[in-house]
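Student: this one's structure only:
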């Protein structure tokens, strides 16, 4: 890049050091156009000044020398032919060569031809116009490319000398690099902004668009230039614009960022677009808010999907409620006649009918109970599926729960010649808090299945404390294991053994009976109680079902209550034998059955077939207990109970009311208690349950809470 020998690495950057031992090419006779001498008289590094130079002049030049030495600029003086007359610079590292090598040479000898031509042309223009010019150029040096900015000016002639040209330049490489970095950064920013799916924007503090990337066309149909200068709220419906503008004012007043603000906008074609907006404030050097920069994202489809999901969930909820109502009604319609059937069978069973008739009676009773179990399974499964299975938390004796379970299943095992054994860890506490009915339901199902699918051998139940650390010392994780030596479960169906309506082999449903809901219900109950259930099996050798429950140990106070309950005798012992009972029941068969059951105890009996008739009978008669069917014509049992309780508030009297309903579940029980009823019995009603309930409310004087308005 230079016409000089290799040691000339500086191009236009030259040293101001002068050395008369290195004269110019013409032997020191060459003058700059009209100049007296090519030797500049300015620096301390120069040889001694001529003898006729006065001391004042020398002092001035020394000061000028020191002043220029503090500058970052390089200063050259050229004659009209471009010959170096003077060089001023204190930085030889910048010049890359000694000063004296430049003096007397022309720029054509020192720098590349294209740059020398540009300088000659600039000198010509300056001579004609008298105006200074700036020149920006690059030079190659060993370290790479360096950039320079020079100002070229005409130096007027003095005392008849020819005019010269000044060059004042500086290295602007770092500035150029910074500018290049800024350009690259800006380009990178614009490339990213132009390719993102979001609309990137900038608004001033009044909400006027000052920038928008091309994505706005995809979102709203407008080109960036169409919205720049427009209000950010002008693309919204009127009411929405007011709402969003107020929000923006709130944020802008505090110069706060905002995020995920949903707003409705109008597309250029008139359709509605829902955007999610986020923005951050930016400020001037004094910290004053200038505006906001941010992004808008199209969430129309997401909102539509969410709305569709909401509607689907509502539809599903309505379907679930409809199914629940259907199952509840089905339960009611089946339980009501079945209550009469089972009650009648119980009455017959108390008489000696002979072996053959007793056998037929047991068959009918077993069939009726199977049907009731089926209804119970369907209702339980429906509650589990809907997430509405409720659990009680009462103190109970685990051993008693297990003994009752075994008492119910022992006969089935004995009839098949199976051994049914229980092994319970002696270190397990006696009393727990939980739902013993649901626990017993799981055990009956698992043990019953084991007996059902085992033809010979044994069914073993083991209960032990699970060896794992728990933070709550009142928790006692128990593991229940039911092992049988039965037919086992095929490997290919093990993965779905806990699914609904599954029995592994459809032929088993026909051979062994059952709905296939039992294990699904067990899984739902165990998980609802905070536990887990699993199965292992070897086809032809047997199966093992295990479940773990984190049961809570009952505190001492609950232990005493449980013991008190255990000490109470069973059956009717203290109720008087001449009770007067009023029955509200719309089903004729049940009215007749209840009359038989109640008069058999020697109690007086009256009946009414609707709620209004119950109230009239109560007003006109004297009764000790009211048995109230919940679902009756004209006025249901709940409302009839409320009206009776309302009238009792005037007299201070209180007659026990027992709800009789075919609707099962905590909701029905709570509804009965809220209506002011004292007790709750589910159809079909067993004689022992009925007698025990009447015993409880008569002997213990159990009162209901005031009915809810």
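Tutor: Ah, there it is. Just so we're clear, the structure is a prediction, and the values are computed from it rather than from any experiment.
Student: Now do the host helix or strand of residue 216: everything it contacts.
Tutor: Element membership for residue 216 (DSSP states H and E) is helix 215-220. Residues outside helix 215-220 that contact it (CB atoms under 8 Å, 6 or more residues apart in numbering): 194, 196-201, 222-224, 227, 235, 265-268, 273, 275, 296, 298. (Glycine included, C-beta is placed from N, CA and C.)
Student: which element is residue 225 on?
Tutor: For residue 225, the element it lies in under DSSP H and E is helix 224-227.
Student: Tell me the helices and strands packed up against that helix.
Tutor: strand 209-212, helix 215-220 (3 or more CB pairs under 8 Å, 6 or more residues apart in numbering; DSSP states H and E).
Student: Same list, the ones you listed, but as TSV with distance to residue 362 please.
Tutor: Shown next, in TSV, are the helices and strands packed on helix 224-227 (distance: least, CB to CB, whole Å):
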stretch	distance to residue 362
strand 209-212	86
helix 215-220	77
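Student: Adding mean neighbour count, mean pLDDT and distance to residue 323, write those out as CSV.
Tutor: Compiled in CSV, the helices and strands packed on helix 224-227 are given as follows (neighbours: other CB atoms under 10 Å; pLDDT from 0 to 100; distance: least, CB to CB, whole Å):
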stretch, mean neighbour count, mean pLDDT, distance to residue 323
strand 209-212, 18, 94, 52
helix 215-220, 18, 91, 43
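Student: These: which one's closest to residue 180?
Tutor: Checking the helices and strands packed on helix 224-227 against residue 180 by CB to CB gives strand 209-212 as the closest, at 23.0 Å.
Student: Tell me the neighbouring strands of that closest one, and mark each as parallel or antiparallel.
Tutor: Paired strands of strand 209-212, with direction, are strand 199-204 (antiparallel) (DSSP bridges).
Student: What residues sit buried inside the strand it pairs with?
Tutor: 199-203 (16 or more other CB atoms under 10 Å).
Student: Closest one of the residues you listed to residue 239?
Tutor: residue 203 (20.7 Å).
Student: from what I can see the closest one touches residue 292, true?
Tutor: Yes. Residue 203 lies in contact with residue 292 (CB atoms under 8 Å); the separation is 5.4 Å.
Student: Now do the shared contacts for those two.
Tutor: Listed as contacting both residue 203 and residue 292 by CB under 8 Å, 6+ apart are residue 279.
Student: where along the stretch 101-250 of the chain do the strands fall?
Tutor: Secondary structure of the stretch 101-250 of the chain, counting by DSSP state E, counting those that start in this stretch: strands at 133-141, 144-155, 164-171, 199-204, 209-212.
Student: Would you format those as a markdown table with distance to residue 493 included?
Tutor: Shown next, in a markdown table, are the strands of the stretch 101-250 of the chain (distance: least, CB to CB, whole Å):
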| stretch | distance to residue 493 |
| --- | --- |
| strand 133-141 | 81 |
| strand 144-155 | 76 |
| strand 164-171 | 84 |
| strand 199-204 | 55 |
| strand 209-212 | 62 |
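Student: Among these, which comes closest to residue 466?
Tutor: Between residue 466 and these, the shortest separation by CB to CB is 57.6 Å, and it involves strand 199-204.
Student: got a list of contacts for the closest one?
Tutor: 193, 209-213, 215-216, 218-220, 232, 275, 279, 290-297.
Student: The same query, at a cut-off of 10 Å, please.
Tutor: By CB atoms under 10 Å, 6 or more residues apart in numbering, the surrounding residues in contact with strand 199-204 are 189-190, 192-194, 208-220, 224, 227-228, 230-232, 248, 252, 275, 277, 279, 282, 289-298.
Student: Hmm, residue 435 is touching residue 526, no?
Tutor: No. Counting by CB atoms under 10 Å, residue 435 stays clear of residue 526, with 11.4 Å between them.
Student: what about these two, which has more around it?
Tutor: residue 526 (21 against 17; other CB atoms under 10 Å).
Student: Can you report phi and psi for the residue nearest in space to the middle of the chain?
Tutor: Geometric centre of the chain, nearest residue: residue 306, 14.7 Å, by CA atoms, centre = their mean. Backbone torsions of residue 306, given as degrees, to the nearest 10, read phi -60, psi -40.
Student: got the contact list for it?
Tutor: By CB under 10 Å, 6+ apart, the residues touching residue 306 are residue 299.
Student: Low-confidence stretches in the stretch 501-650 of the chain?
Tutor: Low-confidence segments of the stretch 501-650 of the chain (pLDDT under 70): 501-516, 557-577.
Student: Quick one: the helices in it, in order.
Tutor: 506-512, 518-528, 556-567, 588-599, 611-620, 637-651 (DSSP state H, counting those that start in this stretch).
Student: What is the fifth one packed up against?
Tutor: For helix 611-620, the contact count by 3 or more CB pairs under 10 Å, 6 or more residues apart in numbering; DSSP states H and E identifies strand 580-584, strand 604-608, strand 625-629, helix 637-651 as packing neighbours.
Student: Kindly calculate the angle that it makes with helix 637-651.
Tutor: 30 degrees (axes from the mean of the first three to the mean of the last three CA atoms, to 10 degrees).
Student: Write a ChimeraX command that selects only the buried members of the contacts of helix 215-220.
Tutor: In ChimeraX, a selection of the buried entries from these looks like this (16+ other CB under 10 Å):
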select :198,199,200,201,222,224,227,235,265,266,273,275,296,298
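Student: Surely residue 480 and residue 460 touch.
Tutor: No. The pair residue 480 / residue 460 is not scored as a contact, 11.6 Å apart, by CB under 10 Å.
Student: With residue 299 as the reference, measure out to the residue nearest to the centre of the chain.
Tutor: 9 Å (CB to CB, to the nearest Å).
Student: can you give me the end-to-end distance of stretch 223-243?
Tutor: End-to-end span of stretch 223-243 (CA to CA, to the nearest Å): 25 Å.
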